[in-house]
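A.B. asks: Compute the structure for the input listed below.
(chains A and B)
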Amino acid sequence: MNKYVERLYNGLVKENPTLVLMLGMCPTLAVSTRAANGIGMGLSTLAVLVLSNLVISLLRKMIPDQVRLPAYIVIVASLVTVTELLMEAYLPAVYEALGIYIPLIVVNCIILGRAEAYANKHAPLLSVFDGIGMGLGFTLALTLAGAVRELLGSGTFFGLRVLPASVEPIGIFIQPPGAFLVIALFIIIMNAIGIKTRQRQLVENGCSGCCAGCTAPCGTKEAGK
Amino acid sequence: MNHNLLLIIISGALINNVVLSQFLGICSFLGVSQQMKASVSLGGAVIFVVTIASAVASLLYTYVLAPLGLDFMKTIVFILVIAALVQIVEMFLKKKSPAVYQSLGIFLPLITTNCAVLGVALTNVQNGYNFIESVLSGFGTALGYTLAIVLLAGIRSRIREEDLPAPLRGAPIVLIAAALMSIAFMGFAGLSF
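C.D. replies: Next up is the predicted model:
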């Protein structure tokens, strides 16, 4: 397989950041009340991820190793601010719907995780494709979670009514508890059909994937405590 | 006035619980709740850092960013301030209070990545809170975080003994427990003054 296509496949399926690596759970749980929100959040994260991977990859030989995490945070935070301002200007409806979760893209584990795991070791173009793949994988998972919650909770699909009016939607699914239930359901299904996820990391290692500020190397006892 | 301040704490801790209704700090909520003792220590560290971070962020915003018209820089400034603050708190505790450091130390670096800290700082600005309101809102939110993680740790110590169907083991059952807790916390939405 072409190495660029391989990156896309890796992000979308093999190492899907949300469903397999279990990263970025905060936005996944928070904005998946509607399928359209999932696409909005997914694509804004994709934009930041592609640009941060590109910039970090271009600067990878210049950033001293000891200060790389603060440097990455500044790069990511700047890109997030740019994205936030652009969305406020051109997509006010999406900006309103996603609210505080747009600036919080800064602390999304996926972005710093990819910077650490991929972009600081690979060429710019490959890193861009890695960003696109991971971003699309995140968008896919968010939209899927959003679609399930929207269908069960309000009986619609992307705002279009699909369930007949006689079927009462289960309101709890668009409330906060529904988010936990739907993600639990996804993991149960993946467990049942035998897809290995890194959920161990999620429930046993607080800094899953090891993001900024985690001084202990990932996966060590200290990081997990 | 006092009435309002109390409401800010209660709203932060119970009505808009940071983990169970706003989904901030999920990583550490699911990760550290494995052990009761660790959860209590992390909760303590979060209360400490979030309260201080809210105070510093509020002062910075009111006296530096807003007068200079730089409020679009708030995300960058806040995240750097929080990262630096955690480092300073860690060094300070190590020097001045080794006993507290022993119990909180390893959790402090984890807190930088906790989106709850940045989330509270940004929400305070969004709500236009003044200094005292920001500090109380930070304190209330962190209290809510501690309550949620300690409760979940208690539930998980019971779950561990149970014989569960294989696909439910690990993350799913923890998420379901969190969902039930979240339903219970929705009851607080009826609290009004």
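A.B. asks: so what's the residue nearest to A:Met41 when sequence neighbours are not counted up against?
C.D. replies: In space, and not counting its chain neighbours, A:Met41 is closest to A:Val31: 4.6 Å by CB to CB, 6 or more residues apart in numbering or on different chains. For the C-beta atoms, the positions are set from N, CA and C on the backbone; glycine is no exception. Applying CB atoms under 8 Å, 6 or more residues apart in numbering or on different chains to A:Val31 gives the contacts A:37-38, A:40-41, A:97-98, A:101, A:142, A:146.
A.B. asks: do that again at 10 Å, thanks
C.D. replies: The contact partners of A:Val31, by CB atoms under 10 Å, 6 or more residues apart in numbering or on different chains, come to A:37-38, A:40-42, A:97-99, A:101-102, A:142, A:145-146, A:179, B:23.
A.B. asks: Only the buried subset of those residues, as a PyMOL command please.
C.D. replies: The buried subset of these, as determined by 16 or more other CB atoms under 10 Å in any protein chain shown, is captured in PyMOL by this line:
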select buried, (chain A and resi 37+38+40+41+42+97+98+101+102+142+145+146+179) or (chain B and resi 23)
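A.B. asks: Can you give me the neighbour number for residue 36?
C.D. replies: All of this is about chain A. By other CB atoms under 10 Å in any protein chain shown, the residues close to A:Ala36 number 17.
A.B. asks: Oops, wrong one, chain B.
C.D. replies: Counted with other CB under 10 Å, residues neighbouring B:Met36 total 15.
A.B. asks: how close does it sit to chain A?
C.D. replies: 13 Å (CB to the nearest CB, to the nearest Å).
A.B. asks: any idea of the pLDDT on the closest residue in space to that residue that isn't next to it in sequence?
C.D. replies: Closest residue to B:Met36 apart from its sequence neighbours, by CB to CB, 6+ apart: B:Ala153 at 4.5 Å. Note for B:Ala153: predicted pLDDT of 92.
A.B. asks: Next up, the contacts around B:Ala153.
C.D. replies: By CB under 10 Å, 6+ apart, the contact set of B:Ala153 is B:29, B:32-40, B:42-43.
A.B. asks: ok, back up a step: let's see which of the contacts of A:Val31 end up in helices.
C.D. replies: A:37-38, A:40-42, A:97-98, A:142, A:145-146, A:179 (DSSP state H).
A.B. asks: so how many other residues sit close to residue 120?
C.D. replies: As the question left the chain open, I've gone with chain A. 19.
A.B. asks: right idea, wrong chain: chain B
C.D. replies: 31.
A.B. asks: what does B:Gly154 give?
C.D. replies: For B:Gly154, using other CB under 10 Å, the count is 12.
A.B. asks: Distance-wise, check the residue nearest to B:Met36 relative to chain A.
C.D. replies: As defined by CB to the nearest CB, B:Ala153 lies at a distance of 12 Å from chain A.
A.B. asks: Please spell out which residues along the helix or strand containing that residue are buried.
C.D. replies: Per DSSP states H and E: B:Ala153 is located in helix B:131-159. In terms of neighbour count (16+ other CB under 10 Å), helix B:131-159 has its buried residues at B:133-149, B:151-153, B:155-156.
A.B. asks: Now do the contacts for B:Leu70.
C.D. replies: B:Leu70 neighbours (CB under 10 Å, 6+ apart): B:61, B:64, B:76-77.
A.B. asks: can you count the residues close to B:Met73?
C.D. replies: With other CB under 10 Å as criterion, B:Met73 counts 15.
A.B. asks: ditto for B:Gly128
C.D. replies: Using other CB under 10 Å, B:Gly128 has 8 neighbouring residues.
A.B. asks: That one belongs to a helix?
C.D. replies: No - going by DSSP: H, G, I helix; E, B strand; the rest coil, the assignment for B:Gly128 is coil, not a helix.
A.B. asks: how far away is it from chain A?
C.D. replies: B:Gly128 is 14 Å from chain A, by CB to the nearest CB.
A.B. asks: In the chain, where is pLDDT below threshold?
C.D. replies: As the question left the chain open, I've gone with chain A. A:1, A:198-225 (pLDDT under 70).
A.B. asks: please go with chain B instead
C.D. replies: By pLDDT under 70, the weakly predicted segments of chain B are B:1-3, B:104-106, B:112-113, B:192-193.
A.B. asks: okay, which residue is most central for it?
C.D. replies: What sits nearest the mean C-alpha location of chain B, by CA atoms, centre = their mean, is B:Ala142, with 3.9 Å.
A.B. asks: Check the contact between it and B:Gly43; I expect there is one.
C.D. replies: Yes - taking contacts as CB atoms under 10 Å, B:Ala142 lies within contact range of B:Gly43: 7.8 Å.
A.B. asks: Now for the two: what residues contact both?
C.D. replies: In contact with both B:Ala142 and B:Gly43: no residue, using CB under 10 Å, 6+ apart.
A.B. asks: related to what we said a few turns ago, residues contacting the residue nearest to the centre of chain B?
C.D. replies: B:12-13, B:18, B:25, B:43-51, B:53-54, B:116-117, B:120.
A.B. asks: just those residues that are near chain A?
C.D. replies: Restricting the contacts of B:Ala142 to those near chain A by CB under 10 Å from any CB of the partner chain leaves B:25, B:116-117, B:120.
A.B. asks: could you dump those to a markdown table with secondary structure and distance to A:Asn108?
C.D. replies: As requested, these are arranged in a markdown table below (DSSP: H, G, I helix; E, B strand; the rest coil; distance: CB to CB, whole Å):
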| residue | secondary structure | distance to A:Asn108 |
| --- | --- | --- |
| B:Gly25 | coil | 13 |
| B:Ala116 | helix | 14 |
| B:Val117 | helix | 14 |
| B:Val120 | helix | 17 |
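A.B. asks: Report the buried members of the residues you listed.
C.D. replies: B:25, B:116-117, B:120.
A.B. asks: re the thing from before, now the residue nearest to A:Met41: how far from B:Val135?
C.D. replies: 28 Å (CB to CB, to the nearest Å).
A.B. asks: And for A:Gly137?
C.D. replies: 40 Å.
A.B. asks: what distance separates stretch A:159-170 from the middle of the whole chain?
C.D. replies: How far stretch A:159-170 lies from its chain's middle: 29 Å, per CA atoms, centre = their mean, to the nearest Å.
A.B. asks: what's the first-to-last distance across that stretch?
C.D. replies: One end of stretch A:159-170 to the other measures 16 Å (CA to CA, to the nearest Å).
A.B. asks: Check which residues of it are buried.
C.D. replies: Buried residues in stretch A:159-170, counted by 16+ other CB under 10 Å: A:Ile170.
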